[in-house]
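Asks: Sequence plus the predicted model coming up.
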Number of protein chains: 2
Amino acid sequence: MSMTATTSRAVDQPAATPLAAEIARVYGTPAVVIDLDKVDANITRLQATCDAAGLANRPHIKTHKSPELARLQIEAGARGITCQKLGEAEIMADGGIDDILISYNILGEEKLGRLGALQRRVRMIVAADNPVTISGLPRAGEIAGRDLEVVIECDTGRKRAGVETPGEAVELARMVAASPGLRFAGFLMYPPEDGWERTQAFLDTANAGLREVGLKADIVSTGGSPNLPHIGKLKGSTEHRSGTSIFNDRMQIAAGVATLDDCALMVYATVVSRAGPERGILDSGSKTLTSDKGNLDGHGYILEYPAARIAQFAEEHGFLDLSASNKRPLVGEVVRVVPNHVCVVVNMVDRLITVRGDKLIGELPVAARGRLT
Amino acid sequence: MSMTATTSRAVDQPAATPLAAEIARVYGTPAVVIDLDKVDANITRLQATCDAAGLANRPHIKTHKSPELARLQIEAGARGITCQKLGEAEIMADGGIDDILISYNILGEEKLGRLGALQRRVRMIVAADNPVTISGLPRAGEIAGRDLEVVIECDTGRKRAGVETPGEAVELARMVAASPGLRFAGFLMYPPEDGWERTQAFLDTANAGLREVGLKADIVSTGGSPNLPHIGKLKGSTEHRSGTSIFNDRMQIAAGVATLDDCALMVYATVVSRAGPERGILDSGSKTLTSDKGNLDGHGYILEYPAARIAQFAEEHGFLDLSASNKRPLVGEVVRVVPNHVCVVVNMVDRLITVRGDKLIGELPVAARGRLT
């Protein structure tokens, strides 16, 4: 067998676009790639949606974990950002963001110390849904030397965190207001898609309760990218938290709030095996695309083979069911996958590869990844 | 409200053990913790199992991604290690491991260059299940300046990678043998639990085919930690690849190959909300424990609350269903979770916290994490 012929044939990977071939050649696959043109457009669209509804924009950075992208969001008009944990907030404060909501109960000595240190540097708002959390928070205010703002997390149907009744919300608001070093700032809500009326009733009752005790919610924050069509629907809401919309994904498409063209992030993957005629293996498994299916069928959408189904995962294998696909990929072929849930995919990588249209730009560190706490 | 009373009450987190309280205090939660005494025992047990079966031990490091732990495995008697990708192999070679099998099709210019560079430094064996992969591999041998060993991956029922017939296996073995810079080294198999007879028939036919063309399989590698009770059952097998058994998890327990006491890795987590009497929220969601359920019920086993079910995940929320649990945790309480699938949990963190029994030792970097390729 001629060495030269062998080598040149195998080394070139067939790819749908010259950019895909270039990314495979420079970085290898799997590669997690964002199109900055689409990111810019998605940031602009979210800000315009919030502006049109008269709400402040406080994007959730758990999706991108990048201070650079957070700064773009602020430059576009966002009031501040939302984080889900202290480690994210610390990286964002280091990156120059100075108005941060952590939409999570912060508990324990280690975290309260870090929260206090953060609050000394930037405006911090934290969520609480129980007396234990609230009784710990003054420790942070004490370290910071100034008041910490606290929003009460309210549940109106998701059964995640959040008090279940307006009465509890008012009671906790009073507890916050009575605590040294804390200031009651308002309510954190995450209305289920079909729960806006219920959420309105909850908020109205809670606001009435606040008035009775001489308090007022300056912040009423709603959340969720799938909720973008409903922004401003909750009368009295003041801010919205949207994470996923900066990149979008198959879940956003399924929710009807994004198109394929709005998806800024793709996983470039290689077909590494075609052992059976109706099946193939992708070099992206649960350690790249994650097992988070988001209640969809299959584990991603392959742009070049829309009828191919990513049926199952091993850690580094995506099992392709090609039975419904007339067109079938070759071994070595580079394809582009839109993930089901983009937030968990970004969390798997230390860097994103950046492009603009068909041009390779460079890399963007996922700076707040790997911060478990 | 008295500041002192408030602070001291909330800052102490109730925990099942003094070690759990210490870990929460020092590192915060979630914390991914391994007990090195159990790791040592698990390494010794795997080596003894391979020794008793007369097979070489080639542990799969995708579970721990740590050169330090790989060296412990080698010191215990392992012949070499198995990796699933080049990035893992590079870190292991840097860490002094000099005999590495990559059980995966390596394709494309970028990867073949790296494979050649590795092969220059250490013994490399790679898997292939198709002509495209094999036609590229000489590029690596060329860079290395010496022969690269290739095993043919065979599928006997998992429908993952691997040729489906002994005839194809022999054909590819011949192709390898005829390629400059490559040496046919044997077969890579991963028998399904109920597929040992089928695998034996496959191997026997393939070996007969090899004899006809004057070739021989020096390596016949079997795989899987759930397969540990079957080690050596395949007549003609020479090596075994086991990954998960170094830590064990709920899937290993369900497979009947480990007990709870053999589980060396636990996620220490905090109950951050108890908004309803029958439910709670853990600070570990899909970004910590991952959505990989491994076909089990619930997303983990809580040592302190065995009847509590981790029913669902958000990214940083574990939804606890406490309806079947008479004992129920307090907000702020630290609990220990045995994950369903330990390999994907380790892959989420940059470091593991190490303990021995009830003593905190330190940290171990997950050095090969974040290497997507």
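Replies: Here it is on my side, so go on. Numbers count the residues shown, from 1 in each chain, chains lettered A, B, ... in the order given.

Asks: residues in contact with the residue nearest to residue A:348 when sequence neighbours are not counted?
Replies: Spatially, and ignoring its direct neighbours in sequence, residue A:348 is nearest to residue A:288 (6.1 Å; CB to CB, 6 or more residues apart in numbering or on different chains). Heads up, the C-betas are built off the backbone N, CA and C, glycines and all. Residue A:288 is in contact with A:30, A:32, A:267, A:269, A:316, A:345, A:348, B:372, counting by CB atoms under 8 Å, 6 or more residues apart in numbering or on different chains.

Asks: Now do the SS call for the spatially closest residue to residue A:156 that is not a sequence neighbour.
Replies: Nearest non-adjacent residue to residue A:156, counting by CB to CB, 6+ apart: residue A:199, 4.3 Å away. Following DSSP: H, G, I helix; E, B strand; the rest coil, residue A:199 is assigned to helix.

Asks: Verify the contact between residue A:262 and residue A:38 for me.
Replies: Yes: if you go by CB atoms under 8 Å, residue A:262 and residue A:38 touch, sitting 6.8 Å apart.

Asks: Those two: which is more packed in?
Replies: More neighbours surround residue A:38 than the other of residue A:262 and residue A:38, with 21 against 17 (other CB atoms under 10 Å in any protein chain shown).

Asks: I'd like the mean pLDDT over the helix or strand harbouring that one, please.
Replies: If you go by DSSP states H and E, residue A:38 is part of helix A:36-53. Mean per-residue pLDDT for helix A:36-53: 98.

Asks: For that helix, list every residue counted as buried.
Replies: A:36, A:38-39, A:42-43, A:45-47, A:49-50, A:53 (16 or more other CB atoms under 10 Å in any protein chain shown).

Asks: what's that helix packed up against?
Replies: Helices and strands touching helix A:36-53, as assessed by 3 or more CB pairs under 8 Å, 6 or more residues apart in numbering or on different chains; DSSP states H and E, comprise strand A:56-57, helix A:67-75, strand A:351-356.

Asks: how close does the residue nearest to residue A:156 get to residue A:232?
Replies: 13 Å (CB to CB, to the nearest Å).

Asks: Any idea how many residues pack against the residue in the stretch 51-200 of chain A that chain B sits nearest to?
Replies: Nearest residue of the stretch 51-200 of chain A to chain B, counting by CB to the nearest CB: residue A:136, 3.1 Å away. By other CB under 10 Å, 28 other residues sit near residue A:136.

Asks: where do the strands sit along the stretch 1-150 of chain A?
Replies: A:31-35, A:56-57, A:81-83, A:99-105, A:123-128, A:148-154 (DSSP state E, counting those that start in this stretch).

Asks: can you tell if the fourth one touches chain B?
Replies: Yes: part of strand A:99-105 sits near chain B under the criterion CB under 8 Å from any CB of the partner chain, namely A:104-105.

Asks: Please put the alpha-carbon coordinates of that strand into CSV.
Replies: Extracted in CSV, the C-alpha atoms of strand A:99-105 (Å, rounded to 0.1, in the frame of the first residue of the first chain):
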residue,chain,number,x,y,z
ASP,A,99,-24.4,44.2,40.1
ILE,A,100,-25.0,40.5,40.8
LEU,A,101,-28.0,38.5,41.9
ILE,A,102,-27.4,35.0,43.1
SER,A,103,-30.7,33.2,42.7
TYR,A,104,-29.9,30.6,45.3
ASN,A,105,-30.0,29.9,49.0
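
Asks: got the angle for that strand vs helix A:67-75?
Replies: 110 degrees (axes from the mean of the first three to the mean of the last three CA atoms, to 10 degrees).

Asks: Report all helices and strands that strand A:99-105 contacts.
Replies: For strand A:99-105, where contacts count as 3+ CB pairs under 8 Å, 6+ apart, the packed elements are strand A:81-83, helix A:86-94, strand A:123-128, strand A:148-154, strand A:219-223, strand B:265-273.

Asks: Now do it, average pLDDT.
Replies: Average pLDDT, strand A:99-105: 98.

Asks: So what are the sheet partners of it and their directions?
Replies: Taking DSSP bridges as the criterion, strand A:99-105 sits next to strand A:81-83 (parallel), strand A:123-128 (parallel) in its sheet.

Asks: tilt between the last one and strand A:219-223?
Replies: Between strand A:123-128 and strand A:219-223, the angle formed by their directions is 70 degrees, by the same axes, to 10 degrees.

Asks: Mind listing residues that contact strand A:123-128?
Replies: Contacts for strand A:123-128 (CB under 8 Å, 6+ apart): A:80, A:89, A:98-106, A:115, A:118, A:134, A:137, A:140, A:144, A:148-153, A:161, A:172, A:176, A:185, A:188, A:219.

Asks: quick revisit: what's the closest of the buried residues of helix A:36-53 to residue A:309?
Replies: Using CB to CB, residue A:38 comes nearest to residue A:309 of the buried residues of helix A:36-53, at 25.2 Å.

Asks: show me the contacts for the closest one.
Replies: So residue A:38 contacts A:261-264 (CB under 8 Å, 6+ apart).

Asks: ok so, going back, how about the contacts of residue A:288 in CSV, adding pLDDT, distance to residue A:310 and neighbour count?
Replies: Shown next, in CSV, are the contacts of residue A:288 (pLDDT from 0 to 100; distance: CB to CB, whole Å; neighbours: other CB atoms under 10 Å in any protein chain shown):
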residue, pLDDT, distance to residue A:310, neighbour count
A:30, 98, 12, 27
A:32, 98, 16, 26
A:267, 98, 10, 27
A:269, 98, 9, 26
A:316, 98, 13, 23
A:345, 98, 13, 26
A:348, 97, 16, 24
B:372, 91, 17, 21
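
Asks: does residue A:311 sit in a helix, a strand or a coil?
Replies: Under three-state DSSP, residue A:311 falls in the strand class.

Asks: Kindly report the residues of the stretch 101-250 of chain A close to chain B.
Replies: A:104-105, A:107-112, A:114, A:129-130, A:132-133, A:135-139, A:142, A:155, A:159-164, A:178-181.

Asks: and if we set it to 7 Å?
Replies: Where the stretch 101-250 of chain A comes near chain B, counting by CB under 7 Å from any CB of the partner chain, the residues are A:104-105, A:107-112, A:129-130, A:132-133, A:135-136, A:138-139, A:155, A:159-164, A:178-180.

Asks: Select from those every entry located in helices.
Replies: A:109-112, A:132-133, A:135-136, A:138-139 (DSSP state H).

Asks: Check the residue nearest to residue A:330 when sequence neighbours are not counted and give its pLDDT.
Replies: Excluding the flanking residues, the one nearest residue A:330 by CB to CB, 6+ apart is residue A:14, at 5.7 Å. Residue A:14 is assigned 92 on the pLDDT scale.

Asks: ok, now how distant is residue A:14 from residue A:20?
Replies: With CB to CB as the criterion, residue A:14 and residue A:20 are 9 Å apart.

Asks: Check the burial of residue A:276 by counting its neighbours.
Replies: 15.

Asks: what do you get for the one 3 residues further on?
Replies: The number of residues packed near residue A:279 is 19, by other CB under 10 Å.

Asks: what's stretch A:336-347 in contact with?
Replies: A:16, A:20, A:32, A:62-65, A:243-244, A:247-251, A:260, A:263, A:265-269, A:284, A:289-290, A:292-294, A:296, A:299-304, A:352, A:366, A:369, B:286-287, B:315 (CB atoms under 7 Å, 6 or more residues apart in numbering or on different chains).

Asks: first vs last residue of that stretch, how far apart are they?
Replies: 19 Å (CA to CA, to the nearest Å).

Asks: same thing with stretch A:208-218?
Replies: Per CA to CA, stretch A:208-218 runs 14 Å from first to last residue.

Asks: and the residue nearest to residue A:226 when sequence neighbours are not counted, what are its phi and psi?
Replies: Residue nearest to residue A:226 in three dimensions, not counting chain neighbours: residue A:255, with 4.1 Å by CB to CB, 6+ apart. The phi/psi pair for residue A:255 (degrees, to the nearest 10) reads phi -80, psi -10.
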